[in-house]
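[1] curious how this folds, go ahead:
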Amino acid sequence: MSNFVDIALTPEKADDEVEIKKKLFEKGVNPRNRFQLKKRSIDARKKQVLYRLRFEVFAPDENTSQLAFEPGGNNVSNAEEVHIIGSGPCGLFAALELIEKGKKPIIIERGKDVRSRRRDLAALNRDHLVNPESNYCFGEGGAGTYSDGKLYTRSKKRGSVDRVLKYLVAFGASNDILIDAHPHIGTNKLPNIIVSIREYIKNCGGEIHFNTKLTGLEISGQSIQKIEINSDHWISVKKLILATGHSSRDVFELLHKTGIEIQSKPFALGVRIEHPQELIDQIQYHCTDRGPYLPPASYSLVNQYQDKGVYSFCMCPGGIIAPCATSPGEVVTNGWSPSKRNNPFANSGLVVSVNPKDFDPKNSGDPLLGLGFQSEVEKKAWDLGGRRQSAPAQRLADFVSGKESTNLPKCSYQPGIVSAKLNDCLPDFIYKGLANSLKEFGKKMKGYYTNEAVLVATESRTSSPVRIPRTKELHHPDILNLYPAGEGAGYAGGIVSAAIDGQKIAETIGNLKTSPS
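    Numbers count the residues shown, from 1 in each chain. From the prediction side, this is the model:
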């Protein structure tokens with residue numbers, strides 16, 4: 001019977017089998033035993049940075065061979081149909097689970113396939129042209145495909161997390177994501193994985209339709225009977241999974257107009273902050289040069305200012321700040337890293353919590369006011385940036401002192417940055433929360449507070465400002481065949497948690513014997 005043994009090694013020894021065996025022997029492991037690495041993390045709390053490794057140790061005669069995880073591969077061509085709106089991680093993993101349950105997924109995706117999206121992203125970066133249906137947020141694979149592929153989640157449902165990661169490995173991801181404490185695929189590798197998932201769904205008899213947008217709903221009693229596509233034709237549906245992501249404002253407006261209940265929820269808003277990666281390495285690893293054995297360093301920061309949480313979000317070592325607007329006339333930023341994380345900059349979202357009372361002080365209950373709050377900030381950033389995708393920016397110390405920067409450092413944001421006072425586009429409580437917290441972060445990370453860092457506005461799509469309610473059976477309380485799912489419905493935050501939510505919805509549907517009517 002196997003058991004688990006934890007050891008710690010310096011970075012230069014962490015891949016050395018001789019050193020690993022020596023450490024395991026010191027822990028009482030028989031030299032004849034076999035072992036497999038199960039978890040790997042970096043401990044940089046002290047001056048000597050260590051890798052902490054967890055091995056599963058087996059007796060010499062114990063069978064350690066493990067069958068690779070493989071999806072079930074059911075042929076669902078003629079099975080009961082379930083329609084899914086959106087092909088992000090929630091929609092794709094719902095489709096995978098439906099196939100396991102013997103149901104036929106039909107995915108409706110407003111954007112383009114993952115390859116065709118690249119041309120629209122290039123036009124956005126180079127020519128400042130925003131395609132409202134194909135951008136960093138909309139299209140096959142969803143927002144995560146071209147904005148990083150970080151797989152870390154705080155979900156406690158470890159079994160579900162492992163299953164998501166094993167699916168990704170089965171479709172082409174590195175086995176490292178099963179081991180690393182903060183797994184990451186990389187924007188350069190995700191598209192091929194997404195294509196593999198698509199081909200698997202199609203080969204099993206599922207369908208994926210691109211350039212296909214939900215524009216209308218026909219409701220009878222407590223069920224959606226038909227959905228309108230591209231404003232020109234209707235199709236019948238029996239069950240509808242709504243997995244649209246956090247930026248589908250038109251879908252939220254459609255639900256509200258149709259009389260389907262949606263609710264305001266808290267979210268967060270702020271800026272992207274970018275430092276030289278070398279500086280973050282020096283701060284986190286307590287050295288002048290991290291050397292070849294350590295990856296680019298990351299960080300996680302949190303502060304409380306008055307009644308507001310202020311925190312880093314979606315930190316991208318060796319990364320790039322990306323333009324993530326979904327409509328002309330707005331500036332939205334996000335961050336991503338390639339698999340090697342080898343760019344010279346480190347960027348992170350730096351955001352302040354926003355509660356419904358901040359955008360609805362009269363407690364009107366209008367569920368769309370949060371969208372309007374987001375949009376107003378993004379439009380002000382557009383104006384400050386010269387009414388293009390150029391983003392308003394400010395050096396860190398200048399931001400805190402309220403002074404416009406006379407010049408700006410180099411920045412990874414490809415459409416370009418423009419010097420501006422960011423408090424001209426950020427609400428006052430956001431600005432004050434950030435300014436106060438940056439000083440505190442400088443105390444926690446010596447060297448973080450520097451005018452070599454630049455703040456770029458706006459980081460406004462951390463999560464959906466809307467929640468679509470659902471019952472314990474996971475359908476909408478009033479529409480029994482509507483299953484709100486993932487980030488857009490307010491039940492996930494990130495690739496893995498969205499995928500888990502999609503699986504959970506699909507499992508519930510798969511276990512139903514009859515359709516609700």
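
[2] residue 347 reaches residue 276, doesn't it?
    No: counting by C-beta atoms under 8 Å, residue 347 does not reach residue 276; the two are 10.7 Å apart. (Each C-beta comes from the backbone N, C-alpha and C, glycine too.)

[3] same drill for the two, tell me which one is more crowded.
    Neighbours were tallied for residue 347 and for residue 276 using other C-beta atoms under 10 Å; the higher tally belongs to residue 347 (33 against 16).

[4] the more buried one pairs with what?
    Residues found in beta-bridge contact with residue 347 (criterion: DSSP bridges) are residue 274, residue 316.

[5] and the gap between it and residue 453?
    Plainly put, residue 347 is 10 Å away from residue 453 if you go by C-beta to C-beta, to the nearest Å.

[6] what sits in contact with each of these two?
    273, 274, 275 (C-beta atoms under 8 Å, 6 or more residues apart in numbering).

[7] out of these, flag the one nearest to residue 59.
    For the shared contacts of residue 347 and residue 453, the residue nearest residue 59 by C-beta to C-beta is residue 275; the value is 48.7 Å.

[8] and the closest one, how many neighbours does it have?
    Residue 275 has 23 nearby residues by other C-beta under 10 Å.

[9] quick one, what contacts it?
    Residue 275 makes contact with 345, 346, 347, 448, 450, 452, 453, according to C-beta under 8 Å, 6+ apart.

[10] next secondary structure after the helix or strand of the chain with the lowest mean pLDDT?
    Ranked by mean pLDDT, DSSP states H and E, the weakest helix or strand in the chain is helix 158-170, scoring a mean of 87. The C-terminal neighbour of helix 158-170 among helices and strands, as given by DSSP states H and E, is helix 190-203.

[11] quick check: next helix or strand after that next one?
    Moving toward the C-terminus from helix 190-203, the first helix or strand encountered (DSSP H and E) is strand 207-209.

[12] ok, that following strand: who's next to it in the sheet?
    Using DSSP bridges, the strands paired with strand 207-209 in its sheet are strand 104-108 (parallel).

[13] give me the low-pLDDT residue ranges for this structure?
    Within the chain, the stretches falling below the threshold (pLDDT under 70) are 64, 66-67, 147-149, 153-159, 513-517.

[14] that one: helices as residue ranges?
    Along the chain, the stretches classed as helices by DSSP state H are 17-26, 89-100, 117-127, 158-170, 190-203, 249-258, 277-285, 356-359, 369-384, 396-401, 428-444, 486-489, 495-510.

[15] contacts for the third one?
    Contacts made with helix 117-127 from outside it, assessed by C-beta under 8 Å, 6+ apart, are listed as 111-112, 129-131, 134-136, 139-140, 145-146, 322-323, 325, 389, 414-415.

[16] again, only using 6 Å
    If you take C-beta atoms under 6 Å, 6 or more residues apart in numbering as the criterion, helix 117-127 is touched by 129, 130, 131, 134, 139, 323, 414, 415.

[17] so the second one touches residue 330, yeah?
    No: the criterion here is C-beta atoms under 6 Å, and residue 130 misses it with residue 330 at 8.1 Å.

[18] burial check on residue 288, number of neighbours?
    Residues within reach of residue 288, counting by other C-beta under 10 Å, total 9.

[19] gap between the spatially closest residue to it that is not a sequence neighbour and residue 273?
    Among residues not flanking residue 288 along the chain, residue 282 sits closest, at 6.2 Å (C-beta to C-beta, 6 or more residues apart in numbering). Using C-beta to C-beta, one obtains 17 Å as the distance from residue 282 to residue 273.

[20] looking at these two now, which is surrounded by more residues?
    For residue 282 versus residue 273, the count of surrounding residues by other C-beta under 10 Å is larger for residue 273: 26 against 17.

[21] skip the chain neighbours and tell me the closest residue to that one.
    With C-beta to C-beta, 6+ apart as the measure, residue 350 is the residue that lies nearest to residue 273, at 4.7 Å, once sequence neighbours are left out.

[22] surely residue 113 meets residue 140?
    Yes: with contact defined as C-beta under 6 Å, residue 113 reaches residue 140; the gap is 4.9 Å.

[23] which of these two has more neighbours?
    Neighbours around residue 113 and residue 140, counted as other C-beta under 10 Å, are more numerous at residue 140. The numbers are 26 against 20.

[24] how far away is the more buried one from residue 104?
    Taking C-beta to C-beta as the measure, residue 140 falls 19 Å from residue 104.

[25] buried among the contacts of residue 275? Make that a ChimeraX selection.
    Selecting only the buried entries of these in ChimeraX, with 16 or more other C-beta atoms under 10 Å as the criterion:
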select :345,346,347,448,453
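
[26] out of the contacts of residue 275, which is nearest to residue 60?
    Lowest distance from residue 60 to those (C-beta to C-beta) belongs to residue 346, with 45.2 Å.

[27] if I read this right, the closest one contacts residue 320, doesn't it?
    No: the criterion here is C-beta under 6 Å, and residue 346 misses it with residue 320 at 10.5 Å.
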